[in-house]
Structures are given as C-alpha cells and as structure tokens.
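J.: sequence plus the predicted model coming up.
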Amino acid sequence: MVVKKEDNSMVRTVGRRKTATARVRLSPGKGIIIINDKPFTEFFPIELWSDKVIAPLKIVSREKDFDISVKIVGGGVNSQAEAVRHGIARALIKWDETLRPILKAEGFLTRDSRGKERKKFGLHKARRAHQWRKR
C-alpha cells in the first residue's frame with residue numbers, strides 16, 4: 001500500500017539518540033530548516049553535524065521540498081544532530097511510505113539506543129574498580 005500526503009498538512013515525529021530528543025515538524029515549503037528558533041547551520045556550525053541533519057533529505061533528493069522546524073532537548077551536540085536526523089527520516093516516511101526502503105538501507109530509521117551505563121556501588125564508575133595498592 002502506497003501512502004502519500006497530498007494535502008498541505010504538517011507531519012510531526014520524534015527522533016531520539018542517547019538522552020537527546022528532537023521533536024520534528026515537516027511541512028511543504030522551500031527547504032528552510034529551523035532548530036530551536038535558529039537556522040540549522042547556526043545551531044550546528046560544524047559541517048559534519050549539519051551534513052548529518054540534511055542526510056535523509058539528500059538521500060531522497062528532497063532538500064528544497066520541505067520546511068522543517070525542530071525543538072531539541074538534552075544530549076550533546078553530536079547526539080542532537082543524530083536525533084534530528086532520526087526525526088526527519090521518520091517524518092519523511094510518514095509523508096511518503098515509498099521512501100522507507102531507501103532510508104532503511106542507510107540506517108536512518110534505526111534508533112541508536114546506546115546510553116550511559118549506570119554506576120554500580122563499590123566502583124568508581126560503571127565498571128572502573130578501585131586502584132589496587134600493595135601497601
């Protein structure tokens with residue numbers, strides 16, 4: 001079953017990575033991406049991060065078709081960029097189901113669930129034990 005959104009409505013999705021959560025709103029437009037009320041190139045000044053954000057759009061050749069608004073909370077900058085990428089990929093799937101195989105093959109739909117392991121009692125960190133002393 002092929003589902004395409006023909007009306008001018010908006011799609012909302014959530015992308016996550018570690019402790020970063022990105023709420024993504026995708027609507028038809030001119031290709032403007034706003035993250036936390038800033039242009040995405042200003043929010044992610046390093047090219048590696050900004051490339052991660054627009055990767056799903058580039059893969060499906062839709063860079064100039066959608067306006068995207070994102071609110072990010074938590075995590076570090078790299079983790080936030082990957083959360084936005086996850087959210088945009090999920091929004092594109094909601095918009096057009098036929099894009100799923102392309103985005104799935106690139107790994108953009110898989111949520112990276114790795115997080116920080118909790119500290120255990122009797123240890124310095126999650127796995128770091130006390131230093132052994134001879135005397």
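T.: The structure has been received and is ready for your questions.
J.: would you mark the buried spots in the stretch of helix or strand A105 belongs to?
T.: In the assignment (DSSP states H and E), A105 maps to helix 100-106. Judged by neighbour count using 16 or more other C-beta atoms under 10 Å, the buried positions of helix 100-106 are L103. (C-beta placed from N, C-alpha, C; glycine too.)
J.: how about stretch 70-85?
T.: Neighbour-count burial for stretch 70-85 flags 70, 72, 75, 78-85 (criterion: 16+ other C-beta under 10 Å).
J.: next: stretch 20-28.
T.: Residues of stretch 20-28 classed as buried by neighbour count (16+ other C-beta under 10 Å): 20-26.
J.: in helices, which of these fall?
T.: Among the buried residues of stretch 20-28, no member falls in helices (DSSP state H).
J.: closest to R133 among the residues you listed?
T.: Distance to R133 across the buried residues of stretch 20-28 (C-beta to C-beta) is lowest for A20, with 39.9 Å.
J.: alright, I will stop here.
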